[in-house]
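Chemist: quick one: sequence and predicted model below, then my questions.
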Amino acid sequence: MFQLFFLLSSGLFLGWSLGANDAANIFGTAVGTKMIQFRTAAIVGSIFVILGAVISGAGATETLGKLGAVNALPGAFTVALAAALTVLWMTRLKLPVSTSQSIVGAIIGWNLYANFPTDYSSLTKIVTTWVLCPLLSALFAFIFFFLFRFGVSRMRCSIIRLDAYTRLALIVVGAFGAYSLGANNIANVMGVFVSISPFETTEILSFSFSSAQKLFLLGGLAIAAGIITYSHKVMETVGSNLYKLSPVAALVVVLASSAVLFLFASESLEFWLASRGLPTFPLVPVSSSQAVVGAVIGIGLAKGGRNINFGVLGRISIGWVTTPITSGLIAYILLFVVQNLFLMPVYK
Amino acid sequence: MSILFGKAKNIEAEIEQFFDKISEAGLIFTAGIKDYLEGDFEQFHSRIDHINKQEGEADKLRREIRYYLYTKMLIPESRGDVLGLLETSDNVIDTTKTVLSHFDIENPAIPDSLNSEFLKLTESAVSALSSLVKANRAFFKNSNIIHDYIHKVHFHEHEADRIEEKLKKIIFRSEEIGSLAEKLQLRDFVTYISGLADDAEDVAERLSVYSIKRSI
């Protein structure tokens, strides 16, 4: 049992750091500007991130599994550790980094080390989605901005009431955001462990609780722990320093970026679209931070396109390349160390 | 949630009442000046009592609103704006009270020939105040008409400035008013009344900034 937890610990750490950093994308502005209390944000965020992970986490996880099916627990441990270290290191260097990009690099590192072929169609799908994510998020924010502005001007309610509605909406949209984050990003945290899950499927009444879902629950708890223990600081920074948004604009940003995360995670939506002969969205873990940046730019464009820092887009696209390469290298080295120094099999 | 929106309703009602007080103070102010110019001092004193009462009630409302906003409601960013707005609007009501009390204390002798100009000045200043109250109400109702009212405040303030200048020239050129002391005293009273329009304009300036800030 202890060894099991130890081997899962790198994934759990990755989950913790995801919660600590990415919850600020959802509740940052609201908490940083004191529109909602951190306690409310933490409770709502934790509950919905776990729900999203357990209910809708499978889709994006499957895509990661296709990229490279890590088949030994010590290998999965090392891959997740490499991703976590990359995130930690690049964050300290203040470089743009995303867990999604980091884990993909680490998986490819494992593929190379274990001499397994990388599925290039999956890789192409994943990288295309990364590029699509901020663009789509910008588009959504652009559209939502006008819809909201129209809606608010039609509502004709007093500013006191509008503020009350905005507060409520920030919590509701935040819940959706947390759900989407859990659904989309649990793959980063627990994806590499799924094919070698140490848990068994249990049936409770007519519901089955799969072994993967148990992993997701554990990962969701780790994310929740990150939210509760460390995200407050990050939220204060996001809310008060990085970008100044009006409350309604903040709402649009969270809604747009969450919708994008949801699109790239929901199997039921994919099924619904496919059953009507519509094109579907690939289920791929994406970066919530990049979705937010996209949405902020979308709002900037909707406001007439002044004062937009397009340099930030360049920085993001550099991250698409540097992050996977870094984590791939780290994974390769760590796998070597774990196998030869600690004598644990990292692949079969 | 019903608690939240119930409170919102309460606060809305109190803010409306606060603006009622300002609007009423404007009306009493005009009536008071008229009474003074017509020499009806008994009526004039009752106006002063009335305006003092309005001012006291407005203060009380403002304090209650402030308490609610800071403890229960409103997004912090706009909270400061709303309170700033209420405080500066309160200055307007204070000015009406102070000017009437200056009249009461100093008893300036205003020649009958200047009555109509003094009255015009008063009406312009109070029109600025009334337009301000409407702009305030529009701001709280999130209505676009606010800009029309802000524009009217500016218009009436300019009008008041124009009359102020004219009146001051008349005062200093008048042979009816003998001493320089009297001229200076009357000049001050013209400035006091016109100051009401300036106060209203200050609030209107804030309002236009806040309304831009609030557009998403």
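Modeler: That came through, no problem.
Chemist: show me the contacts for the residue positioned nearest the centre of chain B.
Modeler: Residue closest to the average C-alpha location in chain B (CA atoms, centre = their mean): B:Val92, at 3.6 Å. Residues counted as contacts of B:Val92 (CB atoms under 8 Å, 6 or more residues apart in numbering or on different chains) are B:Ile22, B:Ala25, B:Leu129, B:Leu132, B:Leu196, B:Asp199, B:Ala200, B:Val203. The way it works is simple: take the backbone N, C-alpha and C, and place the C-beta from them, glycine included.
Chemist: could you rerun that using 7 Å?
Modeler: The contact partners of B:Val92, by CB atoms under 7 Å, 6 or more residues apart in numbering or on different chains, come to B:Ile22, B:Leu129, B:Leu132, B:Leu196, B:Asp199, B:Ala200, B:Val203.
Chemist: now the nearest residue to the fourth one once chain neighbours are set aside: how far from A:Ile204?
Modeler: With CB to CB, 6 or more residues apart in numbering or on different chains as the measure, B:Ala125 is the residue that lies nearest to B:Leu196, at 4.1 Å, once sequence neighbours are left out. Plainly put, B:Ala125 is 76 Å away from A:Ile204 if you go by CB to CB, to the nearest Å.
Chemist: with neighbour numbers in mind, choose between these two.
Modeler: Each of B:Ala125 and A:Ile204 has its neighbours counted (other CB atoms under 10 Å in any protein chain shown); B:Ala125 has more, 32 against 7.
Chemist: the longest helix seen in chain B: how far from the chain's middle?
Modeler: Longest helix in chain B by number of residues (criterion: DSSP state H): helix B:2-38. Offset of helix B:2-38 from its chain centre (CA atoms, centre = their mean, to the nearest Å): 11 Å.
Chemist: return the backbone torsion pair for A:Phe209.
Modeler: Reported as degrees, to the nearest 10, the phi and psi values for A:Phe209 are phi -110, psi 100.
Chemist: which residue sits closest to it, ignoring its sequence neighbours?
Modeler: In space, A:Phe209 is closest to A:Thr202, 5.0 Å off (CB to CB, 6+ apart).
Chemist: residues near B:Ile65, how many?
Modeler: Neighbour count of B:Ile65, defined by other CB under 10 Å: 21.
Chemist: mind checking pLDDT for it?
Modeler: For B:Ile65, the pLDDT comes out at 88.
Chemist: so the residue nearest to the centre of chain B sits in a helix?
Modeler: Yes: assessed by DSSP: H, G, I helix; E, B strand; the rest coil, B:Val92 belongs to a helix.
Chemist: tell me the buried residues in the host helix or strand of A:Tyr113?
Modeler: Assigned by DSSP states H and E, A:Tyr113 belongs to helix A:99-114. Buried residues in helix A:99-114, counting neighbours by 16 or more other CB atoms under 10 Å in any protein chain shown, are found at A:99-114.
Chemist: so A:Asn111 is in contact with A:Ser122, correct?
Modeler: No: using CB atoms under 7 Å, A:Asn111 makes no contact with A:Ser122, being 10.9 Å away.
Chemist: which positions in the stretch 1-150 of chain A make contact with chain B?
Modeler: A:Thr33, A:Lys34, A:Met35, A:Phe148, A:Arg149 (CB under 7 Å from any CB of the partner chain).
Chemist: go through the residues you listed and flag which are in helices.
Modeler: In helices, judged by DSSP H, the following of the residues of the stretch 1-150 of chain A next to chain B are found: A:Phe148, A:Arg149.
Chemist: show me the two of the residues of the stretch 1-150 of chain A next to chain B that sit farthest apart.
Modeler: Spatially, the most separated pair among these is A:Lys34 and A:Arg149, at 24.1 Å (CB to CB).
Chemist: so, low pLDDT: which residues of chain B?
Modeler: Within chain B, the segments meeting pLDDT under 70 span B:1-5, B:72-77, B:215-216.
Chemist: closest one of the buried residues of helix A:99-114 to chain B?
Modeler: Chain B has its nearest neighbour among the buried residues of helix A:99-114 in A:Ser100, at 30.2 Å by CB to the nearest CB.
Chemist: now the closest one: closest residue in space that isn't a chain neighbour?
Modeler: Nearest non-adjacent residue to A:Ser100, counting by CB to CB, 6+ apart: A:Pro285, 4.2 Å away.
Chemist: residue of the stretch 101-250 of chain A closest to chain B, please.
Modeler: A:Val248 (4.0 Å).
Chemist: surely that residue and A:Ser153 touch.
Modeler: No: using CB under 7 Å, A:Val248 is not in contact with A:Ser153; the gap is 11.2 Å.
Chemist: tell me the pLDDT of the residue of the stretch 101-250 of chain A closest to chain B.
Modeler: 83.
Chemist: how about residues contacting whichever helix or strand it is part of?
Modeler: Under the criterion of DSSP H and E, A:Val248 resides in helix A:247-263. For helix A:247-263, the external contacting residues (CB under 7 Å, 6+ apart) are A:25-26, A:29-30, A:35, A:133, A:136-137, A:140-141, A:144-145, A:148, A:152, A:166, A:169-170, A:173-174, A:176-177, A:180-181, A:183-184, A:245, A:269, A:281, A:286, A:288, A:291-292, A:295-296, A:298-299, B:75, B:216.
Chemist: sorry, back to before: elements contacting the helix holding A:Tyr113?
Modeler: helix A:58-67, helix A:73-92, helix A:159-194, helix A:311-340 (3 or more CB pairs under 7 Å, 6 or more residues apart in numbering or on different chains; DSSP states H and E).
Chemist: one more time with 6 Å, if that's ok
Modeler: Here helix A:99-114 touches helix A:73-92, helix A:159-194, helix A:311-340, going by 3 or more CB pairs under 6 Å, 6 or more residues apart in numbering or on different chains; DSSP states H and E.
Chemist: chain B contacts on the stretch 151-300 of chain A?
Modeler: By CB under 6 Å from any CB of the partner chain, the residues of the stretch 151-300 of chain A that approach chain B are A:Ser158, A:Ile159, A:Ile160, A:Arg161, A:Asp163, A:Ala164, A:Ser246, A:Pro247, A:Val248, A:Ala249.
Chemist: now neighbour count and distance to A:Phe5 too, for the residues you listed, in TSV please.
Modeler: Shown next, in TSV, are these (neighbours: other CB atoms under 10 Å in any protein chain shown; distance: CB to CB, whole Å):
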residue	neighbour count	distance to A:Phe5
A:Ser158	21	54
A:Ile159	22	52
A:Ile160	25	51
A:Arg161	20	50
A:Asp163	23	46
A:Ala164	22	45
A:Ser246	19	45
A:Pro247	23	42
A:Val248	22	44
A:Ala249	24	43
